[in-house]
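# build the 3D model from these lines:
(2 chains)
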2 protein chains.
Amino acid sequence: MQYLEKPLSQLLNVARSRPQRRLVVAAAEDKSVLQAVWEARNEKIVAPVLVGDSAKIREILRQLGGSADDWEIVHEPDASAAASRSVGLIREGKGEILMKGYLPTAVLLKAVLHKENGIRESSMLSHVTLFEIPSYQKLLGLSDAAINIQPTVEEKAEIIRNAVKVFHRLGVEKPLVAVLGPVETVNPKIESTVHAAMLAVMQVRKQIPGCIIDGPLAMDNAISAEAARHKHIESPVAGNADILIAPDLDAANILYKSLIFFAGAVSAAIITGARVPVVLTSRSDSERSKLLSIALAAALE
Amino acid sequence: MQYLEKPLSQLLNVARSRPQRRLVVAAAEDKSVLQAVWEARNEKIVAPVLVGDSAKIREILRQLGGSADDWEIVHEPDASAAASRSVGLIREGKGEILMKGYLPTAVLLKAVLHKENGIRESSMLSHVTLFEIPSYQKLLGLSDAAINIQPTVEEKAEIIRNAVKVFHRLGVEKPLVAVLGPVETVNPKIESTVHAAMLAVMQVRKQIPGCIIDGPLAMDNAISAEAARHKHIESPVAGNADILIAPDLDAANILYKSLIFFAGAVSAAIITGARVPVVLTSRSDSERSKLLSIALAAALE
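Purely as a prediction, here's the structure:
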């Protein structure tokens, strides 16, 4: 597979074909998180370990219509302690996916990034989304729509490395990376186009291996072969991108939400750069998207 | 009409109901531009004045299947001179819409912004797009997806005033303006959210009259009532925006193209801030979009 075929729900099949992963949920006393975990467990994708307030977790499991008896629960009612304890379980090899429950993102990431007891692997954490868009021919990656506000060019290089690693682990050998700008020409007054040119050359100089990078590309040149032809852009990436790298959080987040709300896209997302994938869904994500995010984490080779 | 009803093609009807506008085309020797002008003339929306290389213009008109005899043509083969001449015609009251033909955008804008002989009106020019998006309940404005790279908060205030003026002239008394960011909370580390908060208060203090402004709003909060409810945002703008103000050109342009290429949107756009609307379509715009942009300019009261 040299690209990610649609639909996104194939991730469920891929995840099922892998050895079952242990999923550690930090502060698991959250109904919508537990519902997604419940479904993922039913699908036999993950074996969950629920760290958090045991009484509350049991009550939610009952509300979801089951018994808490056959679930692995670690009682730790304090949110911050639950985060450290969950990260500790990952460090001890007792979990292969981390998931955020009912606690602030900052608290979980602090535990992940802790100098002595954390599980940081790359030089930075970044957020990778996979979209199934009705009007695009394959699955499409986007980074970073959730964590890094105004990444420098070095940080963008690391964001690309993180995203490329996800694609490698999904079986795509050389993903096509489009670094986006508002135009496809280099304009010294537009930083995103300067960054894009640097990143494209960094790939040629093998500073960012395992992928093909082109940029700057305007959105239309990145994903429409016709638009790319129209602009006389010759590039294996133009019109056929696997991964979009956005100029900054503003652009990435607005694009992310426009795809979900206007283009009818379905998404799955993880945070990458730690020793294990981190699932960090937001309350406004659909149930489907939460399940697919767990499946994405579990589908990684 | 307190909002702009779909479809976008209503602009053709509105334009027909107004007195016919004289459209001055600078360097009109461009086939795709002349085709759109041809259609707009057939629809009786505009009376065109073609400034440019007379022989080439005549040849293109013949290729389009007509005679050049009943067209008003001003012979001026030099592109820069054609731009000045066209702006001059507007100054003399001989045209009410300016359109870019076969010349660089910078050359046309230089003539428009010329200190003595230009037609600048507002403190800055900005680009306003109107979208018809299948999944949105009404027409949706966006600014600025084409001119201003990294606007300051003062420039964003002017971008809003320009966009609001367009909506007023289309009959919307108090358009709902959403200033976008990647989150709906004010975060001092994210400039777009700081700008948005300032602009929202500037509206309350009547520094930006004739509209209702709210921000920061994430894209989903701006256009989905359900997403806004989910975040407990109470605001007349949230979920029902008429105009989106983007953080910068990066975000605006990527959003613009994602709406066209992924969400099946149709668009019309003008540059505003000059004495008359300027139609400045790009080669990659569809024929329909070019005609609708002329119609938008002609529909303004």
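# please see if the lengthiest helix in chain A touches chain B.
Criterion DSSP state H: the longest helix present in chain A is helix A:153-169. No - using CB under 8 Å from any CB of the partner chain, helix A:153-169 never reaches chain B; the gap is at least 12.9 Å. C-beta here means a position set from N, CA and C on the backbone, and glycine is covered the same way.
# what's the distance between the helix or strand following that helix and the middle of its chain?
Next helix or strand after helix A:153-169 toward the C-terminus (DSSP states H and E): strand A:176-181. A distance of 17 Å separates the centroid of the chain from that of strand A:176-181, by CA atoms, centre = their mean, to the nearest Å.
# skip ahead from strand A:176-181 and say which helix or strand is next.
Taking DSSP H and E, what comes next after strand A:176-181 is helix A:191-204.
# ok and that next one relative to strand A:176-181, angle-wise?
160 degrees (axes from the mean of the first three to the mean of the last three CA atoms, to 10 degrees).
# which other helices and strands contact helix A:191-204?
helix A:153-169, strand A:176-181, strand A:212-218 (3 or more CB pairs under 8 Å, 6 or more residues apart in numbering or on different chains; DSSP states H and E).
# contacts for the second one, please.
By CB atoms under 8 Å, 6 or more residues apart in numbering or on different chains, the residues outside strand A:176-181 that reach it are A:156, A:160, A:163-164, A:190, A:192-193, A:195-196, A:199-200, A:203, A:211-219, A:221-223, A:236-238, A:240-247, A:251, B:250, B:254.
# got a quick ChimeraX command for the buried subset of those?
If you want just the buried ones from these in ChimeraX, going by 16 or more other CB atoms under 10 Å in any protein chain shown, the selection is:
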select /A:156,160,163,164,190,192,193,195,196,199,200,203,211,212,213,214,215,216,217,218,219,221,222,223,237,238,240,241,242,243,244,245,246,247,251 /B:250,254
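# could you give me the buried positions within stretch A:114-126?
A:Gly118, A:Ile119, A:Met124, A:Leu125, A:Ser126.
# how close does the third one get to chain B?
Between A:Met124 and chain B the computed distance is 16 Å (CB to the nearest CB, to the nearest Å).
# need the contact list for the nearest residue to that residue once chain neighbours are set aside.
Nearest residue to A:Met124, sequence neighbours excluded (CB to CB, 6 or more residues apart in numbering or on different chains): A:Glu158, at 5.0 Å. Residues touching A:Glu158, when contacts are defined by CB under 8 Å, 6+ apart, comprise A:Ser122, A:Ser123, A:Met124, A:Ser126, A:Gly273.
# which of those residues fall in strands?
A:Ser126 (DSSP state E).
# quick one on the thing from earlier: for the longest helix of chain A, buried residues please.
A:155-168.
# need the residues you listed in CSV with pLDDT, can you?
Formatted as CSV, the buried residues of helix A:153-169 follow (pLDDT from 0 to 100):
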residue, pLDDT
A:Glu155, 98
A:Lys156, 98
A:Ala157, 98
A:Glu158, 98
A:Ile159, 98
A:Ile160, 98
A:Arg161, 98
A:Asn162, 97
A:Ala163, 98
A:Val164, 98
A:Lys165, 97
A:Val166, 97
A:Phe167, 97
A:His168, 97
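# can you tell me which of the residues you listed is nearest chain B?
Closest approach between the buried residues of helix A:153-169 and chain B, by CB to the nearest CB: A:Lys156, at 12.9 Å.
# wait, isn't the closest one in contact with A:His195?
Yes - look at A:Lys156 against A:His195 with CB atoms under 8 Å: they come within range, at 5.8 Å.
# all strands for chain A, in order.
A:21-26, A:46-52, A:72-75, A:97-100, A:126-132, A:140-143, A:176-181, A:212-218, A:243-245, A:266-272, A:278-279.
# next, format those as CSV and append mean pLDDT and distance to B:Ala111.
Shown next, in CSV, are the strands of chain A (pLDDT from 0 to 100; distance: least, CB to CB, whole Å):
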stretch, mean pLDDT, distance to B:Ala111
strand A:21-26, 98, 61
strand A:46-52, 98, 64
strand A:72-75, 98, 71
strand A:97-100, 98, 56
strand A:126-132, 98, 43
strand A:140-143, 98, 40
strand A:176-181, 98, 27
strand A:212-218, 98, 26
strand A:243-245, 98, 37
strand A:266-272, 97, 46
strand A:278-279, 98, 55
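# wait, which of the ones you listed is closest to A:Gln63?
Closest of these to A:Gln63 is strand A:46-52, at 14.4 Å (criterion: CB to CB).
# contacts for that closest one?
A:15, A:20-29, A:34, A:37, A:40-41, A:57, A:71-77, A:82, A:85-86, A:89, A:94-95, A:97, A:101-102, A:294, A:298.
# same deal with stretch A:59-78?
A:28-31, A:34-35, A:38, A:47-54, A:57-58, A:82, A:85, A:89.
# now stretch A:220-228
Here stretch A:220-228 has contacts from A:136, A:140, A:178, A:180, A:184, A:231, A:233, A:235, A:237-241, A:244, B:257, B:260-262, B:284, using CB under 8 Å, 6+ apart.
# just the ones of these in helices?
Per DSSP H, the subset of the contacts of stretch A:220-228 in helices is B:Lys257, B:Ile260, B:Phe261.
# buried by neighbour count, from the residues you listed: which ones?
The neighbour-count test (16+ other CB under 10 Å) marks B:Lys257, B:Ile260, B:Phe261 as buried among the ones in helices among the contacts of stretch A:220-228.
# now do the contacts for A:Ala28.
A:Leu34, A:Val37, A:Pro48, A:Leu50, A:Val51, A:Gly52, A:Ile57, A:Ile73, A:Gly101, A:Tyr102.
# what does A:Ile271 give?
Here A:Ile271 is in contact with A:Leu125, A:Ser126, A:His127, A:Val128, A:Ala146, A:Ile147, A:Pro277, A:Val278, A:Val279, A:Leu280 (CB under 8 Å, 6+ apart).
# gap between A:Glu29 and A:Lys110?
19 Å (CB to CB, to the nearest Å).
# these two: which is more packed in?
A:Glu29 (24 against 15; other CB atoms under 10 Å in any protein chain shown).
# just give the nearest non-adjacent residue to the more buried one, would you?
A:Lys56 is the one closest to A:Glu29 (CB to CB, 6+ apart), at 3.8 Å.
# do I have it right that the one you found meets A:Ala27?
No - in this structure A:Lys56 lies outside contact range of A:Ala27 using CB under 8 Å: 9.6 Å.
# looking at those two now, which is surrounded by more residues?
Taking other CB under 10 Å, A:Lys56 and A:Ala27 do not tie; A:Ala27 has more neighbours (30 against 17).
# perfect, that will be all.
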